[in-house]
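Student: pasting the sequence and the predicted coordinates here, then a few questions.
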Amino acid sequence: MSANQDPHHPLAPPWRSDAGSVEGFVGIDALALPAVFSGAAYYIYHLTKSLLETSRLFPIAVFCRPQHRPLFAGLLRPGDKIIPVPLERRAARLYFYEFKLKSLLIKENIRVFYATHYICPAADARYYLVSAFHDMGFLLFPRFYPLLKRLYFGRRMRTFLSRSDRVVAISRSTAAAIGSLFPEYAPRVAVIYPGTDHLLDADAPAPLSPRVEPPFILAVNTFEVRKNIPFIIRLFNHLKSTRRLAHRLLVVGQPANGYKKILAEIRRSPFRRDIVLASAIPAEELSFYYRHCDFFLNASEYEGFGFTPFEALSHGCPAFLYKNNAVAEFLGDHPYIFEHLEVEIWAERIGQEMAASFRGKIAPETIRNLSWQNTARETRQLLEQVISTGEPRLVP
């Protein structure tokens, strides 16, 4: 018997007192936010921020580490609250999710918990679980990931899916991968795209000490193996030697499992003095580089979504991209999109487009619907649907 069929079930709708207010909270998980944002951190932060700002019928409880409390405190509405949880180490966070979070959700009267980054607590009849799945790369392309990550997530994906009443996939390709690997959970999946307009409101004056001066080429990605940044460096070498470009290459990202190979590729480059690596760049400064680079390069082989190409496009930047699954889903075929990693062919196309002043670039209007306002609206609608009509599994 479901919650809708049993009026005495703890989640029986409607969730309203006689005064008309919602009894209980929607919990939003911001515990995975790191010190420096990239990738999934943008999703967690901007989704939480946008949900707090949107018109809604339910109060929100934000679960975050104490140092991130100021990010959300000014956005709270009457009835909202922040639940700080001091977790500094990854192992402590994993232990907390598995053994401590369930009791905290019950204590804080959480009726729906939105786990924003795969990991969710044990299921219980007193709350719903909605979990966001960003990609299935740990299972599809294990060679791209560190051993501990692929062992943990590879073994736990089914558990997290089984616990979740609803699953949010951030792209159709992620939803398709879930359906292929775990077909029994495909009916629980809804696709809600992230926004890509989070840098457009950033005030982007020239930095006091710019890392590069124009003209320059920009690449922005975490320094992971799957991002193929050594290819971008080889492409830069080829453009410099054959086109006599005066440009420098600015590569922005956070060290990860491909960092050593990137450093080795730079050391081999005859133009290594023209290659600048940068990390921990503030949003305003990053927006400045998007606005002032001559063009943007991305050769990532696999993404659940992949923010940086869309950030470049939203700034009107000419972007030359490898046709990974996310690029194919959102952008399809285009002369600026390549199905291979052949340096000479990329360089030839880039040279032609430079001569034509990039008149054929991918237009920002192509992704205009990928806004955080839309993401928050669709997520709110899903949460309200769960609140009012959801049928969670009964948990012993």
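Tutor: Perfect, I can see it now. Just so it is clear, the model here is predicted, and its values are computed rather than measured. Numbers count the residues shown, from 1 in each chain.
Student: what comes into contact with the helix or strand encompassing Leu47?
Tutor: Assessed by DSSP states H and E, Leu47 sits inside helix 40-53. Outside helix 40-53, the residues that touch it by Cβ atoms under 8 Å, 6 or more residues apart in numbering are 28-30, 32-34, 37, 60, 62, 71-72, 75-77, 80, 116-117, 132, 134, 170, 194-195, 198, 305, 307, 372-373, 375-376, 379-380. Placement of C-beta: from N, CA and C, glycine included.
Student: any chance of a PyMOL selection covering the buried ones in those residues?
Tutor: To isolate the buried subset of those in PyMOL, counting by 16 or more other Cβ atoms under 10 Å, use the following:
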select buried, resi 28+29+30+32+33+37+60+62+71+72+75+80+116+117+132+134+170+194+195+198+305+307+372+375+376+379+380
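Student: okay, and which of the contacts of helix 40-53 map to helices?
Tutor: With DSSP state H as the criterion, helices contain Leu71, Phe72, Phe307, Trp372, Gln373, Thr375, Ala376, Thr379, Arg380 from among these.
Student: and the first one, what pLDDT?
Tutor: When you say that, I think you mean Leu71. Leu71 carries a pLDDT value of 96.
Student: I'd say it and Cys64 touch.
Tutor: Yes. Judged on Cβ atoms under 8 Å, Leu71 makes contact with Cys64 at a distance of 7.4 Å.
Student: anything in contact with each of these two?
Tutor: With Cβ under 8 Å, 6+ apart as the test, Leu71 and Cys64 both reach Ala30, Leu33.
Student: where along this protein do the helices fall?
Tutor: Under DSSP H, the chain gives helices at 40-53, 69-73, 90-99, 101-107, 137-140, 147-163, 172-181, 229-243, 259-268, 283-292, 307-314, 325-331, 343-355, 372-389.
Student: tabulate those helices (a markdown table), appending distance to Ala125.
Tutor: Putting these into a markdown table (distance: least, Cβ to Cβ, whole Å) gives the following:
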| stretch | distance to Ala125 |
| --- | --- |
| helix 40-53 | 25 |
| helix 69-73 | 29 |
| helix 90-99 | 19 |
| helix 101-107 | 10 |
| helix 137-140 | 30 |
| helix 147-163 | 12 |
| helix 172-181 | 25 |
| helix 229-243 | 47 |
| helix 259-268 | 45 |
| helix 283-292 | 41 |
| helix 307-314 | 37 |
| helix 325-331 | 37 |
| helix 343-355 | 55 |
| helix 372-389 | 14 |
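Student: and of these, who's closest to Asp124?
Tutor: Of all the helices of the chain, it is helix 101-107 that lies closest to Asp124, at 5.9 Å by Cβ to Cβ.
Student: hmm, who's touching the closest one?
Tutor: Gly27, Ile83, Val85, Phe113, Pro121, Ala122, Asp124, Arg126, Tyr127.
Student: farthest pair within these?
Tutor: Of all pairs in these, the most separated under Cβ to Cβ is Val85 and Arg126 at 19.3 Å.
Student: how many neighbours does Pro183 have?
Tutor: Residues lying near Pro183 (other Cβ atoms under 10 Å) number 9.
Student: the one 4 residues further on now?
Tutor: Using other Cβ under 10 Å, Pro187 is surrounded by 9 other residues.
Student: so how far is Phe58 from it?
Tutor: Distance, Pro187 to Phe58, using Cβ to Cβ, to the nearest Å: 24 Å.
Student: thinking again about what came up before, closest to Phe271 among the contacts of helix 101-107?
Tutor: Distance to Phe271 across the contacts of helix 101-107 (Cβ to Cβ) is lowest for Val85, with 47.0 Å.
Student: many thanks, have a good one.
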